[in-house]
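# pasting the sequence and the predicted coordinates here, then a few questions.
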Number of protein chains: 2
Amino acid sequence: MKAAVCQINSIIGDIEGNKKKILEYYLKGVSDGVDIVVTPELSLTGYTPLDLVEKEEFRQAVYSAASDLASSTNSTTALLFGSISEFQDNIGTNLFNSALFCINGKIDKVIHKTLIPNYDVFDEVRYFESAKETFLVDFKGEKLGISICEDIWNDEDYWKKRLYPNDPVKQQIDMGATFLINISASPYSYGKRKNRFKMLTALTKEDGIPLIYTCCVGAQTELIFDGVSFCFNADSSLAKKGAAFKEDYFVFDSGIGIKENGSIELSFPEEIHDALILGISDYTKKTGFKKALIGLSGGVDSALITYLAVKALGNENVHTVLMPSEFSSEGSIVDSIKLAKNLGVSYETVPITPVFNTIKESLSNSFGDEDPGLAEENIQSRIRGLFLMALSNKFGYLLLTTGNKSELATGYATLYGDMAGALAPIGDVYKTGVYQICEYINRNGEIIPEEILTKAPSAELRPNQTDQDSLPPYNFLDEVLKLYLEENKELKEIALLLGNFNTVKEILNLVDKNEFKRRQAAPVLRISNKAFGYGRRFPVVQKWRRK
Amino acid sequence: MKAAVCQINSIIGDIEGNKKKILEYYLKGVSDGVDIVVTPELSLTGYTPLDLVEKEEFRQAVYSAASDLASSTNSTTALLFGSISEFQDNIGTNLFNSALFCINGKIDKVIHKTLIPNYDVFDEVRYFESAKETFLVDFKGEKLGISICEDIWNDEDYWKKRLYPNDPVKQQIDMGATFLINISASPYSYGKRKNRFKMLTALTKEDGIPLIYTCCVGAQTELIFDGVSFCFNADSSLAKKGAAFKEDYFVFDSGIGIKENGSIELSFPEEIHDALILGISDYTKKTGFKKALIGLSGGVDSALITYLAVKALGNENVHTVLMPSEFSSEGSIVDSIKLAKNLGVSYETVPITPVFNTIKESLSNSFGDEDPGLAEENIQSRIRGLFLMALSNKFGYLLLTTGNKSELATGYATLYGDMAGALAPIGDVYKTGVYQICEYINRNGEIIPEEILTKAPSAELRPNQTDQDSLPPYNFLDEVLKLYLEENKELKEIALLLGNFNTVKEILNLVDKNEFKRRQAAPVLRISNKAFGYGRRFPVVQKWRRK
């Protein structure tokens, strides 16, 4: 069996565009003489269309495009693509997440997803029914076991703890499948690719059947898809591997037995570097923006984001603004200018002091004799947010917000101030991770000025302020946050591992108390197994606190 | 059977507080000599705890409190309350949404929810497994059919279209239930109570079995629960009805056959008036705030919210700010002051012109010769947002944001400007609905100044601006939005009903394009079957547009 694996980057809702792309790849597969052309899960709608599928006109447009695609198939090369499909009866949503097997001008078979994920960022039970039957597709002497994403993630022999009682892929194997194809849309998080590879290797080793795992690529708002589709030979060796973080097309011939080498996953900073560039690039381009805007504080977060934006959009499309105040150190200005020059991006300087003074005057009656405090600090941050949004509105820049995961977690950020922006590229990267990525960027010489990497982090909203006046040291904080957020550990467990019971308690309560800020935060590019935003759902008003 | 129905207002996560409340009501029931005391769904955790249930320490605290409650029961009065419960095996979440039947110091029976809702604001499949068995509880000669919320909403005879294939309440009736108890947490939307009453009446008429339907009350962030628990006699007549929008406790004796009269649901403005007051009050109090802050524009939205805040918190706890600009009409100032005086709330005036001028100066190099436009309009809105947040930060006010549903739908609002605030009390009320509620408020004389109700709506961000420069007339706009958002109709259907194909198309595309603003909006109090926020999920980046 000769298959073309198309690791495509769909745009959600762009049915015509996605159809065109699928068709182009199909025709490429035809000209390469393959037996089947495979595209990822829901590649016709983009993953995930969410409530769009509840719109009748949207569904009809999808079905019409699916039918167009089927009509374009010839009698020798099949097309297998992901789409929604529908069956009307009087119970349930009547919608399925399906793989459409097309040949000879028709939709020949429709395979529905059986295991419907509904955890973390997945809401599929909201939309999709589970397949009512499992079957094989006879094609050119092979018995194809076709499945969709989650269907292949429930192997009883592999997982100690499973989410579902049934295993549709095992059923297909038991029914005599000779070739497995899984079409997938599996959101990226660091470490997941290795798990996926390990799991799929175990599966093919156990069953001795060739496997194609086709994954989509691209970013959809906060979710990043990394591609790296896998093809396994019958002996469970890896035959082919798709590119990471970009579209790819390749042909896999199950008869040949080529073996692919090379590492499955790079180091954390290398991977995240590439993931975030794709995330910024796709958000910007898919929303029709060309240029990005970043406020430069002289700190490491805005430095990293400027670098990533340059990689994503080109230095000519990145503009930066310095907004010094009376509390800004000389270094923060000099370092920011050095960064802008190193990266070749334009910059301008708009001091906030005149506006800050006018605001204090305007509010002087209201504020009376109250000592300056948090309110005044937030005012400065909000003037900067206002300046940036004004430039964004005036010139059509996409504003990138610079908050990292440590800040979002602890609420060490100002709503409508430094939290302003369309996208939070490093909102899922801890402060310590930000440094790691910067060091990776500087591996062959200084790009991000060393001064930025070595000075103590500070919001510079009052004299001689540093982050560590308000927060525990980042090394400790990030360890606690990681255990709490990503490993779902609790106070006692974390304190047992790291000590400092009271500090750990304060951190956890701080995270819980600041849900109201995160509810209004910009979408966060997800690179861990638990990012703030769509996949983490807490009530804003709740009183669970540790004592 | 004599039952005490406790329509309580839990606080999510406040396990000790909720436990105390349940216990107090239990003891009241004991002293009233009832057979059973019933509290709503998940009343021990508050509904809905969301991802809190994924925390081991949280669950353990719940189980410990549940066990305390059970130990407090005597041998004659049972306690039935809602809680999570857990059963460890190696498949699925192992968690259940349960009713705990306690008697004689013990948890005697645990009834799990069978039908797990996962649409609109419901995410229960994310957390809960479905009950694996249905059974009755023998108690004092009765066979109790105990069910949880959604379990009673799937009657094949009543619904043309059902969500689930099975009907646990019908199963209980078929097994010989003599008394039905449903514990519920059913989020309020206008019209739902009537539906609920009609559905439950049909059920009891069909089956001739007394029914207790216990509903919680109170607001949990954006969700409002309206109470109005129902008790039905065996002849399907209504025996008792709980209070609307407040805690209530009453005793239902199934042997007596008392009948209750009175309307089930009041008019739209009356109901929404009460619902929003509860929503504001609970958000404020449950988060520990005492005082609210509102920016007065002279328009109808801020007038209504000020009135509602006064009803929720008392006039001494509501502070208002006028922030006139060079484009503010004389009327907007005079009318705002009149409103503040009518309502007896404090007000202050902080003109934005000096700050606006300083900002324009600061940005003059950047803006160059560009004509003033949207950027300058947004700057004014953001100065107001900044002033309000500064006062909120300085004095601990909860800032209420004044946007209505028509504005949120069309994006006729400024991110970080008039959208700033902790809660959007009328974010689910269309502009036309805002007027209806104001007229209801003024039914016995002017409270909201007539001038505010009669002038043309305007953002006053440029000379002689009115909303209708940018938007279709509100009467038409709101009709379109209602059909689109709440009835899930699409372009062709709406245009067929209302005409104006092109305007309808523009409106629908405007709604879809502005998802990025709503993603960063404050939580919206939900009073319709489809509010912006948690229950409506669209990708920010998507290209589905109507042509």
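Thanks, I have the structure now.

# phi first, then psi, for A:Pro187.
A:Pro187 has phi and psi values of phi -60, psi 140 when expressed as degrees, to the nearest 10.

# quick check: bridge partners of the nearest residue to it once chain neighbours are set aside?
Sequence neighbours aside, A:Leu223 is the residue nearest to A:Pro187 in space, at 4.5 Å (criterion: C-beta to C-beta, 6 or more residues apart in numbering or on different chains). To be clear about C-beta, it is placed using only N, CA and C from the backbone, and glycine gets the same treatment. The partner list for A:Leu223 in beta bridges (DSSP bridges) reads A:Gln220.

# burial check on A:Leu223, number of neighbours?
Each residue near A:Leu223 was counted by other C-beta atoms under 10 Å in any protein chain shown, and the total is 25.

# residues contacting it?
Contacts were defined as C-beta atoms under 8 Å, 6 or more residues apart in numbering or on different chains; by that measure A:Leu223 touches A:Tyr47, A:Thr48, A:Val121, A:Pro187, A:Tyr188, A:Arg526, A:Tyr534.

# using a markdown table, please lay out these together with secondary structure and distance to B:Arg545.
What follows is the contacts of A:Leu223, written out as a markdown table (DSSP: H, G, I helix; E, B strand; the rest coil; distance: C-beta to C-beta, whole Å):
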| residue | secondary structure | distance to B:Arg545 |
| --- | --- | --- |
| A:Tyr47 | coil | 19 |
| A:Thr48 | coil | 18 |
| A:Val121 | coil | 25 |
| A:Pro187 | strand | 25 |
| A:Tyr188 | coil | 28 |
| A:Arg526 | coil | 26 |
| A:Tyr534 | coil | 23 |
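
# follow-up on the earlier one: and the residue nearest to A:Pro187, how far is that from B:Trp159?
The span separating A:Leu223 from B:Trp159 equals 35 Å under the rule C-beta to C-beta, to the nearest Å.

# ok, A:Gly105 - contacts?
For A:Gly105, the set of contacting residues under the criterion of C-beta under 8 Å, 6+ apart consists of A:Ala70, A:Ser71, A:Ser72, A:Thr73, A:Asn74.

# thought A:Gly427 was touching A:Arg536?
No - the pair A:Gly427 and A:Arg536 does not pass the contact test of C-beta atoms under 8 Å, sitting 11.6 Å apart.

# which one's more surrounded, these two?
Taking A:Gly427 and A:Arg536 together and counting by other C-beta under 10 Å, A:Gly427 has the greater number of neighbours (29 against 18).

# pLDDT score for the more buried one?
We note a pLDDT of 98 for A:Gly427 in this prediction.

# same thing with the one 10 residues further on?
In this prediction, A:Ile437 carries a pLDDT score of 98.

# chain B: which of the contacts of A:Leu223 is nearest?
Taking C-beta to the nearest C-beta as the measure, chain B sits nearest to A:Thr48 out of these, at 7.2 Å.

# against B:Gln542, how distant is that closest one?
The spacing between A:Thr48 and B:Gln542, counted by C-beta to C-beta, is 10 Å.

# how about A:Lys547?
In this structure, A:Lys547 lies at 44 Å from B:Gln542, with C-beta to C-beta as the measure.

# picking that back up, now for A:Thr48 and B:Gln542: what residues contact both?
By C-beta under 8 Å, 6+ apart, A:Thr48 and B:Gln542 have these common neighbours: A:Ile12.

# helices along the stretch 251-400 of chain A, start to end?
According to DSSP state H, counting those that start in this stretch, the stretch 251-400 of chain A carries its helices in the segments A:268-286, A:300-313, A:330-343, A:353-362, A:364-367, A:374-395.

# chain B contacts on the stretch 101-250 of chain A?
A:118-119, A:123, A:125-126, A:160-165, A:219-221 (C-beta under 8 Å from any C-beta of the partner chain).

# so who does A:Asn509 touch?
Neighbour list for A:Asn509: A:Arg545, A:Arg546 [criterion: C-beta under 8 Å, 6+ apart].

# need the per-residue pLDDT for it.
95.

# element containing it, please.
Using DSSP states H and E, A:Asn509 sits within helix A:501-513.

# what element comes up after that helix heading to the C-terminus?
Towards the C-terminus, the helix or strand next in line after helix A:501-513, according to DSSP H and E, is helix A:515-519.

# quick check: mean pLDDT across that following helix?
Per-residue pLDDT values across helix A:515-519 average out to 97.

# what's the answer for stretch A:242-253, then?
The model assigns stretch A:242-253 a mean pLDDT of 97.

# what is the end-to-end distance of it?
End-to-end distance for stretch A:242-253: 14 Å, by C-alpha to C-alpha, to the nearest Å.

# next one: it to chain centre, how far?
On the basis of C-alpha atoms, centre = their mean, to the nearest Å, stretch A:242-253 is displaced by 19 Å from the centre of the chain it belongs to.

# by proximity to chain B, which residue of the stretch 51-200 of chain A wins?
The nearest approach of the stretch 51-200 of chain A to chain B comes at A:Glu57, 4.0 Å away (C-beta to the nearest C-beta).

# what about that residue, how many residues close to it?
A:Glu57 is surrounded by 15 other residues when neighbours are defined as other C-beta under 10 Å.

# for it, give me its contacts.
A:Glu57 makes contact with B:Glu490, B:Leu491, B:Lys492, B:Arg546, according to C-beta under 8 Å, 6+ apart.

# likewise A:Gly403?
The neighbourhood of A:Gly403, defined by C-beta under 8 Å, 6+ apart, consists of A:Asp301, A:Ala413, A:Asp418, A:Met419, A:Ala424, A:Ile426, A:Gly427, A:Ala521.

# want to throw those residues into CSV with secondary structure and distance to chain B?
Supplementary listing: the contacts of A:Gly403 in CSV, determined by DSSP: H, G, I helix; E, B strand; the rest coil; distance: C-beta to the nearest C-beta, whole Å:
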residue, secondary structure, distance to chain B
A:Asp301, helix, 19
A:Ala413, coil, 13
A:Asp418, coil, 11
A:Met419, coil, 9
A:Ala424, strand, 11
A:Ile426, coil, 17
A:Gly427, coil, 13
A:Ala521, coil, 7
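
# adding distance to A:Leu498, write these out as a markdown table.
Converted to a markdown table, these look like this (distance: C-beta to C-beta, whole Å):
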| residue | distance to A:Leu498 |
| --- | --- |
| A:Asp301 | 25 |
| A:Ala413 | 24 |
| A:Asp418 | 28 |
| A:Met419 | 28 |
| A:Ala424 | 27 |
| A:Ile426 | 24 |
| A:Gly427 | 24 |
| A:Ala521 | 27 |
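
# where in chain A is pLDDT low?
Residue ranges of chain A with pLDDT under 70: none are present.

# if we go to 90?
Counting by pLDDT under 90, chain A shows low-confidence ranges at A:88-90, A:155-158, A:160, A:206-207, A:255-263, A:330-331, A:370, A:459-470, A:545-547.

# domain parsing for it?
Domain ranges of chain A: A:2-256, A:271-460+A:514-519, per automatic domain parsing.

# start and end of the longest one, how far apart?
So the one you mean is domain A:2-256. Using C-alpha to C-alpha, the end-to-end distance of domain A:2-256 comes out at 10 Å.

# just the CA trace of stretch A:73-80, in CSV.
Written as CSV, here are the backbone C-alpha positions of stretch A:73-80 (Å, rounded to 0.1, in the frame of the first residue of the first chain):
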residue,chain,number,x,y,z
THR,A,73,-11.6,11.3,-6.8
ASN,A,74,-10.7,8.8,-9.5
SER,A,75,-11.0,5.1,-9.5
THR,A,76,-7.5,4.2,-8.4
THR,A,77,-6.5,6.7,-5.8
ALA,A,78,-8.6,6.9,-2.7
LEU,A,79,-8.9,10.1,-0.6
LEU,A,80,-9.4,9.9,3.2
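
# which parts of it are buried?
Of the residues in stretch A:73-80, those buried under the neighbour-count criterion (16 or more other C-beta atoms under 10 Å in any protein chain shown) are A:Thr73, A:Thr77, A:Ala78, A:Leu79, A:Leu80.

# and that stretch, how far out from the chain middle?
Its chain's average C-alpha position is 33 Å from that of stretch A:73-80, according to C-alpha atoms, centre = their mean.
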